[in-house]
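[1] curious how this folds, go ahead:
(one chain, ligands or ions: 1)
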Amino acid sequence: MEFQAERIKLIKASPSMAISLQARKMRQEGADVIDLSLGEPDFDTPAHIVEAAYRAMCAGQTRYTAADGTPELKAAVARKFQRDNGLIFAPDEISVANGAKQSIFNGLFATLEPGDEVLIPAPFWVSYSDMVSLAGGVPRIVPCGIESDFLLTPESFEQHLTPRTRWVILNSPSNPSGAVYDRGQLGALGEVLLKHPRVLVLSDEIYEHITYGAVPFVSFGAACPALRGRTLIVNGVSKTYAMTGWRIGYAAGPKALMVAMGKIQSQSTSNPCSVAQAAAVEALNGPQDCVAPMVAEYRSRSTRVLEALSRIPGLRTAQPQGAFYAYPHCGSFIGTRAPDGQTISNDADLAAYLLRIGHVATVPGVAFGLSPYLRLSFATSQAVLDDAMERIQRALADLRQDAHM
Ligand SMILES: Cc1ncc(COP(=O)(O)O)c(C=O)c1O
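    Here you go, the predicted model:
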């Protein structure tokens with residue numbers, strides 16, 4: 001019996017989740033595995049946010065809400081855009097969803113016609129390309145490697161545009177590379193877009209507050225106000241406030257797009273959890289001083305991980321400017337052989353070897369559309385990171401050039 005429609009055959013389950021499952025299985029079997037594959041903060045949600053959720057439950061906020069978010073949360077989102085980005089949005093230019101993931105899904109589903117192309121600079125967050133395929137679009141991957149600091153240049157952008165291009169997806173700070181676009185770089189991409197009026201911009205700004213490099217975060221909406229009529233900004237509370245499990249994301253953009261996205265949501269999930277929406281109101285409106293200590297911790301972990309990586313011969317790593325990942329280039333290990341005889345033909349083999357022998361779970365670059373790289377998440381304590389870096393160093397030192405390749 002066939003259970004998969006053709007469109008489902010086009011997509012795969014999240015590769016990072018698959019690796020993390022394997023790491024968990026090895027742990028259950030007794031292995032001491034360090035998991036650096038996870039993409040979520042290791043902090044608890046701040047107490048004042050949890051308490052707001054409890055108060056909301058006790059006050060009876062336990063019913064359906066408007067499908068695209070409560071008026072209170074939309075007002076909090078509008079206030080956030082004004083406070084943090086200098087952008088003014090009316091409530092009907094905002095929609096709330098079950099995570100930024102659903103906002104992106106809705107945006108693509110609402111607009112893509114079969115065969116429409118979506119430009120995705122690689123490395124990219126694992127879900128973009130599969131969501132495009134699921135919506136009937138065609139992902140067009142634009143490689144942006146370590147040589148270009150993982151940033152899309154205006155020249156490369158222009159070269160990849162075709163009459164079928166419908167969207168470009170930008171993600172700054174980036175998961176997995178940690179790259180951040182400055183105002184000038186966003187402006188230069190905006191200049192290209194001005195010449196291509198059919199192309200929409202999806203700016204995924206979910207790591208906005210997790211920056212610690214020399215490049216300050218700038219919203220695409222603030223850098224390119226002339227493109228407001230075709231910009232969809234996506235953000236959420238998952239990363240900034242350590243709220244991944246609460247599932248609240250939001251989007252701001254043209255009213256007609258919000259209406260279309262709202263229609264999809266009203267016929268699929270309906271409203272995001274009412275209690276989680278109340279918690280998100282507190283996250284956005286309440287005291288913001290819970291964010292800085294988390295960012296400071298990511299900053300010091302990033303420095304430590306980068307120092308350790310720079311001491312490992314054969315890895316090349318750019319300093320991440322934000323998010324909580326390092327994305328070392330591991331090309332010099334491709335074509336090597338492990339002590340157990342296994343050949344390392346690509347970054348997936350290397351990640352499998354590091355898990356099997358080093359007992360460290362990482363995600364291979366192939367999952368993010370750009371090889372040969374590994375993504376290491378530093379959403380774990382410094383002591384665990386130190387241990388992981390030592391294991392990686394030892395395991396890589398055991399690889400030998402394969403004479404047969
Ligand atoms: C770049 C990027 N965008 C969006 C998301 C989805 O976030 P949410 O938890 O709000 O759905 C993630 C989560 O890993 C992400 O890394």
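[2] show me the helices in the stretch 1-150 of the chain, by range?
    Taking DSSP state H, counting those that start in this stretch as the test, the helices found in the stretch 1-150 of the chain are 6-9, 15-28, 47-58, 71-80, 99-111, 127-134.
[3] with distance to the ligand and mean pLDDT added, can I get those helices in JSON lines?
    The way it works is simple: take the backbone N, C-alpha and C, and place the C-beta from them, glycine included. JSON lines is the format used below for the helices of the stretch 1-150 of the chain (distance: least, C-beta to the nearest ligand atom, whole Å; pLDDT from 0 to 100):
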{"stretch": "helix 6-9", "distance to the ligand": "20", "mean pLDDT": "89"}
{"stretch": "helix 15-28", "distance to the ligand": "8", "mean pLDDT": "86"}
{"stretch": "helix 47-58", "distance to the ligand": "15", "mean pLDDT": "98"}
{"stretch": "helix 71-80", "distance to the ligand": "13", "mean pLDDT": "98"}
{"stretch": "helix 99-111", "distance to the ligand": "3", "mean pLDDT": "98"}
{"stretch": "helix 127-134", "distance to the ligand": "7", "mean pLDDT": "96"}
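[4] turn those helices into TSV, including distance to Asp387.
    Formatted as TSV, those follow (distance: least, C-beta to C-beta, whole Å):
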stretch	distance to Asp387
helix 6-9	40
helix 15-28	14
helix 47-58	30
helix 71-80	38
helix 99-111	31
helix 127-134	30
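[5] how many neighbours does the closest residue to Ser332 other than its chain neighbours have?
    Closest residue to Ser332 apart from its sequence neighbours, by C-beta to C-beta, 6 or more residues apart in numbering: Gly314 at 4.0 Å. A count of nearby residues for Gly314, using other C-beta atoms under 10 Å, gives 14.
[6] give me the mean pLDDT for stretch 242-258.
    Mean pLDDT, stretch 242-258: 98.
[7] how long is that stretch end to end?
    With C-alpha to C-alpha, to the nearest Å as the measure, stretch 242-258 spans 26 Å from end to end.
[8] ok, back up a step: go ahead and confirm the residue nearest to Ser332 touches Gly335.
    No - counting by C-beta atoms under 8 Å, Gly314 stays clear of Gly335, with 11.6 Å between them.
[9] about what we covered before: let me know the helix or strand that the residue nearest to Ser332 is in.
    In this structure, Gly314 is located outside every helix and strand according to DSSP states H and E.
[10] need phi/psi at it.
    In terms of degrees, to the nearest 10, the main-chain angles of Gly314 are phi 100, psi -20.
[11] now do the one 3 residues further on
    Backbone geometry at Thr317, expressed as degrees, to the nearest 10, gives phi -130, psi 130.
[12] for this protein, which residues are neighbours of the ligand?
    Selection of the chain residues close to the ligand by C-beta under 6 Å from any ligand atom yields 39, 99-101, 125, 171, 175, 204, 206, 236, 238, 244, 249.
[13] redo that, cut-off 8 Å
    Within the chain, the positions adjacent to the ligand are 39-40, 98-104, 125, 127, 171, 174-175, 204, 206-207, 234, 236-239, 244, 247-249, 323 by C-beta under 8 Å from any ligand atom.
[14] buried subset of those residues?
    39, 98-104, 125, 127, 171, 174-175, 204, 206-207, 234, 236-239, 244, 247-249, 323 (16 or more other C-beta atoms under 10 Å).
[15] OK, contacts around the closest residue to Ala66 other than its chain neighbours?
    Among residues not flanking Ala66 along the chain, Asn271 sits closest, at 6.4 Å (C-beta to C-beta, 6+ apart). By C-beta atoms under 8 Å, 6 or more residues apart in numbering, Asn271 lies in contact with 64-70, 96, 265, 277.
[16] what are the ranges of the helices in the stretch 301-405 of the chain?
    Assigned by DSSP H, counting those that start in this stretch, the helices in the stretch 301-405 of the chain fall at 347-353, 382-397.
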